[in-house]
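K.L.:
kindly generate the corresponding structure for this input.
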Amino acid sequence: MTSIRHFPATHPLPDWRNFGVMLRVLLGINLLAGLAALVQAPDLAGWAGRYVELAAVVQPLLLVGLGLLSLLRDALWRLPLRLGQGCVLGLVAAISAGLFFYTASLGLAEGGSVWRFVLLSMAATALLLVYFDLRSRAFSPALSEARLAALNARIRPHFLFNSLNAVLSLIRARPQQAEAALESLSDLFRAAMRDPGEMVSLADEIALGKQYLELETLRLGERLTVDWKIGPISLDLPIPPLMLQPLLENAVYHGIEPAPEGGTVRIAIEQRGQELRVSVANPTVGLVQHAAGNQIAVANIRERLALYYDLEARLEIETGDHTYEVRIILPCQRRQPTTPR
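P.N.:
Residues are numbered from 1 along each chain as shown. A predicted model of the protein is given here:
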């Protein structure tokens with residue numbers, strides 16, 4: 001089973017294929033270019049023009065550099081840290097020199113020597129490597145595991161309390177069903193107590209969600225109906241635990257239970273390109289859907305997604321006149337999710 005303790009992203013070199021890393025590199029280099037333009041410009045009016053001139057040189061270097069680093073990521077990860085960092089600096093130096101001579105051949109190069117341009121590029125790259133190294137230490141596996149454990153601990157009491165209530169409601173009225181429900185409840189407890197750093201398969205997460213909804217169906221009867229739509233997708237994809245069940249719990253307790261006539265919880269799981277999409281929709285009942293408990297669970301899931309996937313996963317909420325839908329979107333063809341860099 002995949003564990004956050006064994007993620008390759010614990011390597012101090014950045015994951016150049018990670019969207020969050022790319023975004024931080026682009027923002028960081030453009031910020032440095034903006035500061036350089038501010039220093040060189042005679043006044044604020046001239047700053048914009050100077051920044052555009054610098055950006056015209058910086059952007060091609062950024063795009064080519066990120067592209068090559070993405071292609072060479074695995075090879076760089078296999079190297080010792082200092083050698084890998086040296087290779088990154090050497091690659092940036094080579095790209096910078098090549099870009100300088102190419103622009104010079106077109107008559108577009110500014111004044112100054114190739115060495116000055118190369119050294120400035122390497123200095124900016126070194127600053128980024130230091131930043132990512134410090135960020136890697138701040139989000140070390142031990143700290144990430146501690147945060148995940150705390151987040152899961154906040155989810156568990158709601159999960160276990162509500163599941164137990166569903167069984168208790170059956171003991172006197174339907175003892176035989178209560179016995180079967182207790183067996184399902186033991187499976188739910190076992191899943192809830194799983195190591196928070198362990199990944200689970202999509203099939204296991206779906207099975208957990210179905211067991212939970214079966215308990216709630218015993219409690220609510222015909223007031224609760226469930227509509228599952230699972231598209232063609234590999235069910236052994238690894239995903240973080242307790243992603244689906246809290247959304248189902250919210251749908252039942254904030255959408256179905258307050259409605260006298262009940263309603264339908266709709267779950268859709270599909271793959272679109274390189275993304276796994278999981279959505280849970282339920283009818284809304286006045287302002288009950290926006291209760292604090294619902295928002296706590298959503299915020300909890302959002303933070304855990306950030307710990308596992310950085311910016312490559314997201315949680316979206318769509319509220320209509322009569323429906324409330326939460327969508328989780330994950331990368332589905334990564335080797336393993338990563339801790340944030």
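
K.L.:
after the helix or strand of the chain with the lowest mean pLDDT, next one along is what?
P.N.:
Every helix and strand in the chain was compared by mean pLDDT, DSSP states H and E; the lowest is helix 141-171, with a mean of 58. Scanning forward in sequence from helix 141-171 by DSSP states H and E, the next helix or strand is helix 175-192.

K.L.:
avg pLDDT for that next one?
P.N.:
Averaged over helix 175-192, pLDDT sits at 70.

K.L.:
which other helices and strands does it contact?
P.N.:
Contacts defined by 3 or more CB pairs under 8 Å, 6 or more residues apart in numbering; DSSP states H and E place helix 175-192 against helix 141-171, helix 202-220. C-beta here means a position set from N, CA and C on the backbone, and glycine is covered the same way.

K.L.:
hmm, who's touching the last one?
P.N.:
By that I understand helix 202-220. With CB atoms under 8 Å, 6 or more residues apart in numbering as the test, helix 202-220 has contacts from 163, 165-167, 169-170, 174, 177, 181, 184-185, 187-188, 191, 224, 226, 228, 230, 233-239, 241-245, 248-249, 252, 256-257, 262, 265, 267, 269, 276.

K.L.:
ok, of those residues, which come out buried?
P.N.:
Among those, the ones that count as buried by 16 or more other CB atoms under 10 Å are 163, 166-167, 169-170, 181, 184-185, 188, 191, 224, 226, 237-239, 241-245, 248-249, 252, 256-257, 262, 265, 267, 269, 276.

K.L.:
and Glu261, backbone torsions?
P.N.:
Main-chain dihedrals, Glu261, degrees, to the nearest 10: phi -90, psi 0.

K.L.:
ignoring the adjacent residues along the chain, who's closest to it?
P.N.:
Take Glu261 and drop its neighbours on the chain: the residue closest to it by CB to CB, 6 or more residues apart in numbering is Arg223, 7.1 Å away.

K.L.:
and what of Val118?
P.N.:
Ser96 (4.6 Å).

K.L.:
so that neighbour is in which element?
P.N.:
helix 81-105.

K.L.:
list the buried ones in that helix?
P.N.:
Buried-residue list, helix 81-105, by 16+ other CB under 10 Å: 84-85, 87-89, 91-93, 95-96, 99-100, 103.

K.L.:
repeat for stretch 205-213
P.N.:
Here stretch 205-213 shows 205-206, 208-213 as buried, counting by 16+ other CB under 10 Å.

K.L.:
how about stretch 311-328?
P.N.:
By neighbour count with 16+ other CB under 10 Å, stretch 311-328 contains the buried residues 311-313, 315, 323-328.

K.L.:
rebuild those as CSV, extending it with secondary structure, pLDDT and distance to Val25.
P.N.:
CSV is the format used below for the buried residues of stretch 311-328 (DSSP: H, G, I helix; E, B strand; the rest coil; pLDDT from 0 to 100; distance: CB to CB, whole Å):
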residue, secondary structure, pLDDT, distance to Val25
Leu311, helix, 82, 12
Glu312, helix, 85, 15
Ala313, coil, 89, 20
Leu315, strand, 93, 25
Thr323, strand, 89, 39
Tyr324, strand, 91, 37
Glu325, strand, 93, 34
Val326, strand, 94, 31
Arg327, strand, 94, 28
Ile328, strand, 94, 26
